[in-house]
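[1] From the sequence below, what's the structure:
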Amino acid sequence: VSTQSTGGQPDLELADTFWNIYLLRNQSIIVDLFAGQLKSTIQASCGRKSITFDPFTFLSLPLPIDAKRSIEIFFFYKNKPDRPIRVSVLVDREEGTVPELLSQLSALVSVDPQYIALAYVRDYAILDITYPDHKIQSVNDIMFAYQLTHPITPTEPQEIKEQADNPEEEEEDINDIIFVRVINRKVQKNKIYFITPYNITLFSAPTILSFNKSTTNRQLYNIIHQRLEFMLNQAKSDEYLFTLRLVNPYGTACHKSPWYSYNIGTIIPINDDPVELENEDSIAVDWKPEISTLKHLRINNYHGDWFDEHPSVNENREKLNAPISLDQCMSWFTQEEDLGDELYCKNCGKTEKTKKKMEIWKSPPFLIIHLKRFSFYNNRWIKSNRLVNFPLVGLDPSKWLVGPLPPPPSQGEGGGEERGVHHQSLEYDLYACVNHFGRMGGGHYTAYAVNKDDQKWYNFDDSFVKLVDDAQQIVSPAAYLLFYKLRGVESTSILKGEPPENTPDVEKIVGRLPDKTDGNGATAVSNNFGNLSPNCIIS
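    Down below sits the predicted model:
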């Protein structure tokens, strides 16, 4: 089957030609129920147009990607290590810089940006420290920041003199300062083991400390003891209740020894020798086994009560997640866009820039709308969590159509009216919605759907089904796929082929699910599939 060129034909005739060619290749129940038609127009600078009509089974509507992004930061004051504050900073995705980020953070926490260390924390360990010369794209959406005793960036001596809190530190050279990562560990030795005899557990919030190279090992113990003293739930002791070890950034082993040596870290002795540490080394605080109870911060729970929250967090969330309408998404879908590459025009014989416009020509009986929450931006996938307001009943896409409106359900095929002279509107009702929670690499799907027998909404979450009390909760930032049905249309009146004489009894084929409910009124689907038939039919 050959494709068709425009050849100056009227749009209505050309669209029918494209549709008939498509049906020669594709004829199925999916086409009958879900296939619509798009009008695609490509226009060259010389004015020549190329028009094609392409089928679609779902509309993929774009959501806006904001020029700015919100970076949420847990900031730790050096004199208040037990209670950080979460703040939010807006930076430009493309043009933003780390110094700009630090400047805004400085204004929120009232700490000079030179005394702020920005870090990426995962699994209770500091994996990376961000410096002013790093790119903003390398900064994660959730970061940790620490107030330091010494400036982390080189400054002029006069500036150090003006900004240092302690007069004794005014003349210190930045090259004499060491910045180290400090993590908390509990180490247990197993009697029975497979690879390593040690069971290492990281916990609580890590931190970054700065001190002079002339600091002794004993002074280092004192500095860390003073910083972590809030974790102790007992009276002060004259002895240190932990051992310091030099480890790798993950806190799992010595950073210099091979893995098969089972070396959990090089012990830092308690003496008056100068510290033998390098910049950004990682120190593990191994708490003694007899310390059974320690106050620690559960930093993996971003919704816990271990931090205070700055008003900037909610303010920036509201700015970036302002609700939009389905009409706005459709406007972005149908707006004209410039094609990046120049194309050769047979009309004028030149290579010219072109523009493309997509419009809806024909709407199907069952309309599926995909909200494009994921976009590939700066070599990574970004998800938009914006709330899209969509109607549960009475969706009228006639304002989006550029082709003839379909006939009323009672008229059957043929009898469509040209756009502009009709007196009929299309009305679609939502019958299902798929939700997505999480990110691109991993997430969770749930669904809402209408029961065809009682016409009530139900929430489907894995093996649990629950009646929806308020249907408006379906309109949420998690909505991902929307399923609409043209009002008054039944699938049996649309299908081209003959329906089956006998409808199979699904319960006999797949077995009847037991009526079990949990404490919240949700119906639990049994995991016993022993009676299921290997051949399952969905009707």
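
[2] what bridges to Ala125?
    Per DSSP bridges, the residues bridged to Ala125 are Arg122.

[3] count of neighbours near it?
    Counted by other Cβ atoms under 10 Å, the residues lying close to Ala125 total 22. Every C-beta, even on glycine, is put in place using the N, C-alpha and C of the backbone.

[4] So it sits against Ile283, correct?
    No - Ala125 is beyond contact range of Ile283, at 11.6 Å (criterion: Cβ atoms under 8 Å).

[5] tell me, what's touching the two both at once?
    Common contact partners of Ala125 and Ile283 (Cβ atoms under 8 Å, 6 or more residues apart in numbering): Arg181, Ile183.

[6] give me phi/psi at the residue nearest the centre of the chain?
    By Cα atoms, centre = their mean, the chain has its centre lying nearest to Arg439, at 3.8 Å. Phi and psi for Arg439, reported as degrees, to the nearest 10, are phi -110, psi -170.

[7] okay, Asn175: pLDDT?
    Asn175 carries a pLDDT value of 72.

[8] A strand includes it, no?
    No - under DSSP: H, G, I helix; E, B strand; the rest coil, Asn175 falls outside any strand and is assigned helix.

[9] now it: how far from Leu246?
    Distance, Asn175 to Leu246, by Cβ to Cβ, to the nearest Å: 21 Å.

[10] and what of Asp305?
    Counting by Cβ to Cβ, the gap from Asp305 to Leu246 is 34 Å.

[11] between the two, who's got more neighbours?
    Higher neighbour count among Asp305 and Leu246: Leu246, with 20 against 7, using other Cβ under 10 Å.

[12] Give me the spatial nearest neighbour of the more buried one, chain neighbours excluded.
    Once flanking residues are discounted, Leu246 sits nearest to Thr266: 4.3 Å by Cβ to Cβ, 6 or more residues apart in numbering.

[13] Tell me where the stretch 301-450 of the chain has strands.
    308-309, 324-325, 337-338, 343-345, 350-352, 354-362, 366-372, 374-377, 380-383, 388-389, 428-438, 443-450 (DSSP state E, counting those that start in this stretch).

[14] May I have the beta-bridge partners of Leu244?
    Here Leu244, judged by DSSP bridges, has bridge partners Val285.

[15] For it, which residues are in contact?
    Applying Cβ under 8 Å, 6+ apart to Leu244 gives the contacts Leu220, Tyr221, Ile224, Ile267, Ile268, Ile283, Ala284, Val285, Asp286.

[16] Okay, the second one and Ser331: tell me how far apart.
    Right, Tyr221. 64 Å.

[17] the more surrounded of the two?
    Neighbour totals were compared for Tyr221 and Ser331, and Tyr221 leads with 19 against 13 (other Cβ under 10 Å).

[18] and Pro281, how many residues sit next to it?
    To be clear, residue 281 is Asp; Pro isn't right here. The number of residues near Asp281, taken as other Cβ under 10 Å, comes to 18.

[19] if you skip the residues just before and after it, what's nearest to it?
    Val180 is the one closest to Asp281 (Cβ to Cβ, 6+ apart), at 5.1 Å.

[20] ok, now Pro364?
    Nearest to Pro364 is Gly36, by Cβ to Cβ, 6+ apart, at 4.1 Å.

[21] now swap in Ser60 and tell me
    What sits nearest to Ser60 in space, not counting adjacent residues and going by Cβ to Cβ, 6+ apart, is His370, at 4.5 Å.
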